[in-house]
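K.L.:
sequence-free structure coming up:
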């Protein structure tokens, strides 16, 4: 490796030490005989101070630098109160590893507010912006923390296919694929596979992968290719066991972000608190009552919450110190695999709302094959199309449940972003298939 | 959750304690007045001993059990030398959670050697077999260990799209997707995205995801949907830096499997040793010399190793205590993004062979845009089709390299499996798209 330390690791305590750094040239300021170069790497920035009197050749080379050139610089650390991090570097040698063209297609600065579409077109420039880069550092830290929770709780990671003969939700909104001359579809959800694995004896499993929704939309909360964190649990008593797992893993994740991504949250201006209190678990009917009584809001579809309703509910509970809540017992059975159980709620399906946005759906699943077939037929789904799945219910399946969490939405909410696409490196929507 | 402990956690020390277990009925033996039921969960098996004299009703219920019913049993632990684990259970209560049909479509026993295709058709039964289940426990443990290595080395996880306008390798073997009325393709590799992210300032990144190859094959080492562990490093000196990362992460992973998956390796009959010695790094020419001199073997294509050549090389080095080797400097440039550098080797591309099979390809990439364009043109690839990628090379890109490791092949080799499909829960090939 090219020898170097990261910008964030250069401190005033190293005063007088010789070190090397490497990265992109963020800015150059020529004061005549004195040249300030800001070098940027993935962790931050450091100021390089070139003096013509010290080394005329090196100074001349520095004068030739353009913004976004890639350089490797060795020099002496100098404590400097006014410098970010309290230290700057007096270079003794420099190597230009790669030169940048000018002008730049996008400014690498938080002051420039290019529209999102332009930013996504040149994402390789946009992500150089420290405020944008912080989103993806936060994402990496959050996902590592979430995995850690599941690993420490003895969940096993599984890996199921994205290409299949049938979709998880019965045919709507599927992307067709030409598969060796026949038709296949991209997965909307690993749901059916997770359930088959519970039938096969896995009782604590998770999967991280992509899902695809061919919906035609144009909102700030949808994309066509989604990152999902899926969980399934066998031997549950009811849906509350599933909510317990989601609640504990999310609390752990938020705590890790608050503790380990302080710099990123500050850059993003996102103020997070760890939801230490139990997440409220309200019924769908209670949710409607709150919307009506507090806001006079009635969702257009009385069997589901709308975007505005979710936002208002989020505000209502956040004011009471609860950024995350579960809404339990949706009357609308979006998918045939949740069904009424004769409880005092209309179904064992729940959604998690976090900071006013739905992050996930889950619930207890039906594990009785006959009931499942009847529910499919009532929902207009032909059971014959799902025999590969239904067959798994013939030979002993424990009661089970799970959920699928939208990772992109979670990151959007943690980072406090207006648009879900900001949380995805290379998002896909009906218009965007490149880069 | 339904209260229970796992079979592997029941020990003779608990003699006299009341505990609960839950799982599938693995076997029932009726000795008249005495009934032995073997209960199986994800961790192992425990024997339940029902006596008619103790509780006639409970005994009658146990007599009605069929193999693969799902039960929840409470009872008193009894130390028993002859029982697996040194303990069995005298049940005091039983709940049948789900009943299985008979006959079973596949026996859940290691003695039965059903053909692979039948096993995959009924994977929800096949994975109940402890020897099969062990493959996926091992897989989960190996992947957690590999991630841990990268997290502890400050790599950041990234997430790039599977749907794109263009393929990474220039058009061959792509699966077309109907994307809102236009044509998209499934990703063959995140290669181009990883490189664009290095351009954007990430210098230690990894990604775990799927890749798709529409090749028409019928071998024991190919599938159409592949799990990949991809790595990319900025600011490298040369390809040896990339090999260092791969070597250390693989050694760490194998060590974790040897230490934490002892039971799984024993069930699979796979004897693994941790490759503590540095992995030999031989040139492609040296590899050919060994094949010729030791085995009289000449690969059909003199610019690449064939399957037999890889196997023979694996044997040659394994006998010398080296299960893993790098072959460096392939003359055949499979992809346009590796190119000759005027070294004493024909390219900075390398393959990793482990136990006689190629697990990954990698190398130093070209980061000079003009050279890249010339290499594309020489390779018959139209640079205009890759402008989204080539544009990223205009504005400063550090020297970089990386590799893509086939996770399924790694698991195949760790578990000692004949066919790669055994290492995948629901594999995909030209014939198989279900379940």
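P.N.:
Cool, the structure landed. What you see is a predicted model; the values in this text were computed from it and never measured. Numbering: from 1, shown residues only, chains lettered A, B, ... in the order given.
K.L.:
please make it C-alpha for all contacts and neighbour counts, starting now.
P.N.:
Noted.
K.L.:
tally up the residues packed near the residue nearest to residue A:100 when sequence neighbours are not counted, please.
P.N.:
Residue nearest to residue A:100 in three dimensions, not counting chain neighbours: residue B:395, with 3.9 Å by C-alpha to C-alpha, 6 or more residues apart in numbering or on different chains. Neighbourhood size, residue B:395 [other C-alpha atoms under 10 Å in any protein chain shown]: 25.
K.L.:
can you confirm residue A:282 is in a strand?
P.N.:
Yes - Residue A:282: assigned to a strand according to DSSP: H, G, I helix; E, B strand; the rest coil.
K.L.:
give the bridge partners for it, please.
P.N.:
residue A:327 (DSSP bridges).
K.L.:
give the helix, strand or coil label for the nearest residue to residue A:158 once chain neighbours are set aside.
P.N.:
Once flanking residues are discounted, residue A:158 sits nearest to residue A:207: 5.4 Å by C-alpha to C-alpha, 6+ apart. Taking three-state DSSP as the rule, one finds residue A:207 in the strand state.
K.L.:
I figured residue A:207 hits residue A:151, correct?
P.N.:
No - assessed by C-alpha atoms under 8 Å, residue A:207 is found out of contact with residue A:151, at 11.6 Å.
K.L.:
between those two, which has more neighbouring residues?
P.N.:
Legend: neighbour count by other C-alpha under 10 Å for residue A:207 and residue A:151, higher for residue A:207 (20 against 17).
K.L.:
give the contact list for that one.
P.N.:
A:157, A:158, A:159, A:228, A:229, A:230, A:231 (C-alpha atoms under 8 Å, 6 or more residues apart in numbering or on different chains).
K.L.:
what do you get if the cut-off is 10 Å, keeping everything else the same?
P.N.:
Going by C-alpha atoms under 10 Å, 6 or more residues apart in numbering or on different chains, residue A:207 touches A:147, A:155-160, A:190, A:194, A:228-232, A:404.
K.L.:
what are the phi and psi values at the closest residue to residue A:349 other than its chain neighbours?
P.N.:
Closest residue to residue A:349 apart from its sequence neighbours, by C-alpha to C-alpha, 6+ apart: residue A:363 at 4.2 Å. Backbone torsions for residue A:363, taken as degrees, to the nearest 10, come to phi 160, psi -180.
K.L.:
so what's residue A:363 scoring on pLDDT?
P.N.:
pLDDT, residue A:363: 93.
K.L.:
just residue A:167 next, same as before
P.N.:
Per the predicted model, pLDDT is 62 at residue A:167.
K.L.:
repeat that for residue A:172.
P.N.:
70.
K.L.:
wait, it sits on residue A:215?
P.N.:
Yes - applying C-alpha atoms under 10 Å as the test, residue A:172 and residue A:215 come out as touching, 8.6 Å apart.
K.L.:
where along the stretch 201-350 of chain A do the strands fall?
P.N.:
Taking DSSP state E, counting those that start in this stretch as the test, the strands found in the stretch 201-350 of chain A are A:204-212, A:225-234, A:281-283, A:324-328, A:349-354.
K.L.:
as CSV, those with distance to residue B:82 would be great.
P.N.:
Shown next, in CSV, are the strands of the stretch 201-350 of chain A (distance: least, C-alpha to C-alpha, whole Å):
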stretch, distance to residue B:82
strand A:204-212, 30
strand A:225-234, 30
strand A:281-283, 49
strand A:324-328, 49
strand A:349-354, 46
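K.L.:
and those: which comes nearest residue B:107?
P.N.:
Of all the strands of the stretch 201-350 of chain A, strand A:225-234 sits nearest to residue B:107, with 22.2 Å by C-alpha to C-alpha.
K.L.:
could you list the buried residues of that closest one?
P.N.:
A:225, A:226, A:227, A:228, A:229, A:230, A:231, A:232, A:233, A:234 (16 or more other C-alpha atoms under 10 Å in any protein chain shown).
K.L.:
establish whether that strand and chain B are in contact.
P.N.:
Yes - applying C-alpha under 10 Å from any C-alpha of the partner chain, one finds strand A:225-234 touching chain B at A:225, A:226, A:227, A:233, A:234.
K.L.:
which member of those residues is positioned nearest chain B?
P.N.:
Chain B lies nearest to residue A:225 out of the residues of strand A:225-234 next to chain B, by C-alpha to the nearest C-alpha, at 7.2 Å.
K.L.:
dump the residue contacts of the closest one.
P.N.:
Per C-alpha under 10 Å, 6+ apart, neighbours of residue A:225: A:188, A:210-214, A:408, A:424, A:426-429, B:160-163.
K.L.:
what residues are bridge-paired with it?
P.N.:
Going by DSSP bridges, residue A:225 is paired in beta bridges with residue A:212.
K.L.:
so residue A:273 is in contact with residue A:255, correct?
P.N.:
Yes - using C-alpha under 10 Å, residue A:273 is in contact with residue A:255, at 8.0 Å.
K.L.:
and the residues of strand A:225-234 next to chain B, which two are furthest apart?
P.N.:
A:225 and A:234 (28.2 Å).
K.L.:
which other helices and strands contact the helix or strand hosting residue A:94?
P.N.:
Residue A:94 is part of strand A:87-98, with elements assigned from DSSP states H and E. Applying 3 or more C-alpha pairs under 10 Å, 6 or more residues apart in numbering or on different chains; DSSP states H and E, one finds that strand A:87-98 contacts strand A:18-30, strand A:34-41, strand A:44-51, helix A:56-63, strand A:70-79.
K.L.:
hang on, the earlier thing: now flag whichever of the contacts of residue A:225 is closest to residue B:59.
P.N.:
residue A:188 (46.0 Å).
K.L.:
closest residue of the stretch 301-435 of chain A to chain B?
P.N.:
residue A:395 (3.8 Å).
K.L.:
phi first, then psi, for that residue.
P.N.:
phi -120, psi 50.
K.L.:
mind listing what it touches?
P.N.:
Contacts of residue A:395 (C-alpha under 10 Å, 6+ apart): A:199-200, A:369, B:24, B:66-70, B:98-105, B:124-125.
K.L.:
show me where the stretch 251-400 of chain A has helices.
P.N.:
In the stretch 251-400 of chain A, the helices defined using DSSP state H, counting those that start in this stretch lie at A:262-268, A:284-295, A:307-319, A:369-378, A:387-390.
K.L.:
count the neighbours of the residue nearest to residue A:331 when sequence neighbours are not counted for me.
P.N.:
In this structure, residue A:331 finds its nearest non-sequential neighbour in residue A:346, 5.1 Å apart by C-alpha to C-alpha, 6+ apart. Residue A:346 has 19 neighbours, counted by other C-alpha under 10 Å.
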